[in-house]
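Undergrad: got a structure for you, letters missing:
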């Protein structure tokens, strides 16, 4: 009897500790990389070579709110339906090359371990996600203004700063890899990965 109770207690302890309560309780922070092209600073990871500079940061709900406040915009994800959560990255491209850079952000993907790729949410898909929201048009205006959507072209010295929005990662995920696939420099292309560790926030 005692052994049975101990066994049940251990199951309860490990099950309660193993899985975070919500996506908002996770920390998604850059994994240090021993590659001179990458620099990690706090929550930000920077990839830079002679062709391009890319700055990537995962945005927690608080950081997302700050992102919109800094641009004097209303956060369309504030008070979003409780059953709809997202994993959002702020991504800034700067063209350092003499060639134009072409990229379709919908070719991006995140990977949770060895699982299949998860694609970004198309901006138009938010109409369906917000179909029952009375403020759908106001929210959509802000999402369209700040989210990556269609293919873009950057000439030398030009930059683009917007959000890549994915479905929420699984709460058991330990590592997330964001891959920007098929970034074209003229007629040459490359895939650029960004790796993040996933941990649960410690309660103070």
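TA: Sure, I can see it. Quick caveat: nothing in here was measured; it's all calculated off a predicted structure. Numbering: from 1, shown residues only.
Undergrad: for the chain, longest strand please?
TA: strand 188-200 (DSSP state E).
Undergrad: List the contacts of that strand.
TA: 20, 25-31, 33, 45, 47, 54, 56, 58, 169, 173-183 (C-beta atoms under 8 Å, 6 or more residues apart in numbering). Backbone N, C-alpha and C define where each C-beta goes, glycine included.
Undergrad: If any of those are buried, put those into a ChimeraX selection.
TA: Selecting only the buried entries of those in ChimeraX, with 16 or more other C-beta atoms under 10 Å as the criterion:
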select :20,26,28,29,30,45,47,54,56,58,169,173,176,178,179,180,181,183
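Undergrad: Among the contacts of strand 188-200, which ones are in strands?
TA: Short answer: the contacts of strand 188-200 in strands (DSSP E) are 26-30, 45, 47, 54, 56, 58, 175-183.
Undergrad: The longest strand of the chain: partners in the sheet, and parallel or antiparallel?
TA: Strand 188-200 has the following strand partners under DSSP bridges: strand 26-30 (antiparallel), strand 175-185 (antiparallel).
Undergrad: Could you dump these into a markdown table with mean pLDDT added?
TA: A markdown table is the format used below for the strands paired with strand 188-200 (pLDDT from 0 to 100):
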| stretch | mean pLDDT |
| --- | --- |
| strand 26-30 | 90 |
| strand 175-185 | 95 |
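Undergrad: could I get the ones you listed as a markdown table with distance to residue 161?
TA: Compiled in a markdown table, these are given as follows (distance: least, C-beta to C-beta, whole Å):
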| stretch | distance to residue 161 |
| --- | --- |
| strand 26-30 | 18 |
| strand 175-185 | 14 |
